[in-house]
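# generate coordinates for the sequence data below:
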Amino acid sequence: MAKIEQTIQLLQEVDANHIVPDALVAALAHNLGKLPSIRGHFYSLGKHHLAAGRVLVGSKPFMSSSL
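Residues are numbered from 1 along each chain as shown. Below is the predicted model of the structure:
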């Protein structure tokens with residue numbers, strides 16, 4: 001079972017369903033930082049989750065959302 005599936009299962013077991021969307025976004029952002037096209041300084045330091053911000057900032061739908 002993938003880590004995100006385990007996380008969702010644990011959140012559901014403790015009746016924390018309201019946190020599931022946040023967990024999904026965090027998991028996605030974490031993996032965006034692993035994209036070969038953005039590998040650089042953060043990735044080489046093992047901080048690929050920080051590199052994900054570069055992808056999200058470059059996304060017009062993300063930046064224009066009213067979250």
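# just the pLDDT for residue 38.
pLDDT, residue 38: 68.
# could you dump the host helix or strand of residue 9 to CSV, C-alpha only?
According to DSSP states H and E, residue 9 maps onto helix 3-13. Output in CSV follows, covering the C-alpha atoms of helix 3-13 (Å, rounded to 0.1, in the frame of the first residue of the first chain):
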residue,chain,number,x,y,z
LYS,A,3,2.2,5.9,1.8
ILE,A,4,-0.6,8.3,0.9
GLU,A,5,-3.1,5.4,1.0
GLN,A,6,-1.8,4.5,4.5
THR,A,7,-2.1,8.1,5.6
ILE,A,8,-5.6,8.4,4.3
GLN,A,9,-6.6,5.1,6.1
LEU,A,10,-5.1,6.3,9.4
LEU,A,11,-6.8,9.7,9.1
GLN,A,12,-10.2,7.9,8.5
GLU,A,13,-9.6,5.6,11.4
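# let me see the mean pLDDT of the helix or strand just after it.
Counting by DSSP H and E, the next helix or strand C-terminal to helix 3-13 is helix 20-32. In this model, helix 20-32 has an average pLDDT of 80.
# got the buried residues for helix 20-32?
23, 27, 29, 30, 32 (16 or more other CB atoms under 10 Å). For the C-beta atoms, the positions are set from N, CA and C on the backbone; glycine is no exception.
# quick one: the second one and residue 45, what's the gap?
Separation of residue 27 from residue 45 (CB to CB, to the nearest Å): 20 Å.
# then residue 58?
Separation of residue 58 from residue 45 (CB to CB): 21 Å.
# what's the answer for residue 7, then?
According to CB to CB, residue 7 and residue 45 sit 24 Å apart.
# out of those two, which sits in the busier spot?
residue 7 (17 against 10; other CB atoms under 10 Å).
# I'd say the more buried one and residue 25 touch.
No. Look at residue 7 against residue 25 with CB atoms under 8 Å: they stay out of range, at 12.0 Å.
# appreciated, that's everything.
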